[in-house]
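S.K.: give me the fold of what follows.
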Amino acid sequence: MSDSEQPQAQNWNAFVEQWNEQFLDALEDNMEAQAQFVESWSETVGEMSDEEEISDGVEGYAKAYETWMGASKQMVDRMNDQLEGEDVELEEFRDVWLNTANEAFKDVMSTTAFARMTGETVGDVLELQQQADEASEETLRTLGFATESGVLEVGDRLVELERRQHAVERKLDRVLEHLEE
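M.R.: Below is the predicted model of the structure:
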């Protein structure tokens, strides 16, 4: 091998090594994402009692799984294309996984099971937020600071006083007009 061919071979080997590492990292991330997805989904499906909802959830998961498998096949095909000499951008591999994740999440998010789970989560978060607000208001009240409800009450009283003041002013204006006549 000549001296000029040796750096090219080293560059190629470094490129292939880097590409393999990125591919393996992406594949590992994909497997982890799928495992988390399956675990989360099975917990949700396990909590459901409506047979139609369970069926809808399983169907959504099946569509998402098909989407991931299609992406895996596409990745293998593009990797083979690159090994055969075709110029394949690394960004194309990233885009495949990003687009696949979007599609898979759409498959899952369009199910009634996901809607139910999201609704329950939002309800839980709102309940926790209300409890936190009540606790902080009680703490402020105990420390002698103004609380939101106290400030709102003062504001309501001021508005009522202004309304009454305007009513008294109107009556006074009528009395003064009557006296001037």
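
S.K.: for the strand or helix carrying Ala167, packing partners?
M.R.: Following DSSP states H and E, one finds Ala167 within helix 148-180. Judged by 3 or more CB pairs under 8 Å, 6 or more residues apart in numbering; DSSP states H and E, helix 148-180 is in contact with helix 112-143. (Each C-beta comes from the backbone N, C-alpha and C, glycine too.)

S.K.: what's the angle between the helix it packs on and helix 148-180?
M.R.: Orientation of helix 112-143 against helix 148-180 (axes from the mean of the first three to the mean of the last three CA atoms, to 10 degrees) gives an angle of 70 degrees.

S.K.: off-centre distance for helix 112-143?
M.R.: 18 Å (CA atoms, centre = their mean, to the nearest Å).

S.K.: buried residues of it, list them for me.
M.R.: For helix 112-143, burial by neighbour count (16 or more other CB atoms under 10 Å) applies to 112-114, 116-117.

S.K.: might you list the low-confidence residue ranges for the chain?
M.R.: The chain contains residues with pLDDT under 70 at 1-9, 27, 30-31, 34-35, 37-38, 40-54, 56.

S.K.: redo that, cut-off 80
M.R.: Across the chain, the ranges flagged by pLDDT under 80 are 1-62, 64-65, 68, 78, 88, 90, 93, 104-105, 107-118.

S.K.: related to what we said a few turns ago, next, format the buried residues of helix 112-143 as TSV and append distance to Glu28.
M.R.: Output for the buried residues of helix 112-143, formatted as TSV (distance: CB to CB, whole Å):
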residue	distance to Glu28
Thr112	32
Ala113	28
Phe114	26
Arg116	32
Met117	27
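
S.K.: from these, pick the one nearest Gln22.
M.R.: Nearest to Gln22 among the buried residues of helix 112-143 is Phe114, at 31.4 Å by CB to CB.

S.K.: and the helix or strand Met75 falls within, what does it pack onto?
M.R.: Assigned by DSSP H and E, Met75 belongs to helix 51-83. In terms of contacts (3+ CB pairs under 8 Å, 6+ apart), helix 51-83 is packed against helix 5-47, helix 90-109, helix 112-143.

S.K.: distance to His178 added to these, as TSV?
M.R.: As requested, the helices and strands packed on helix 51-83 are exported to TSV (distance: least, CB to CB, whole Å):
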stretch	distance to His178
helix 5-47	74
helix 90-109	71
helix 112-143	49
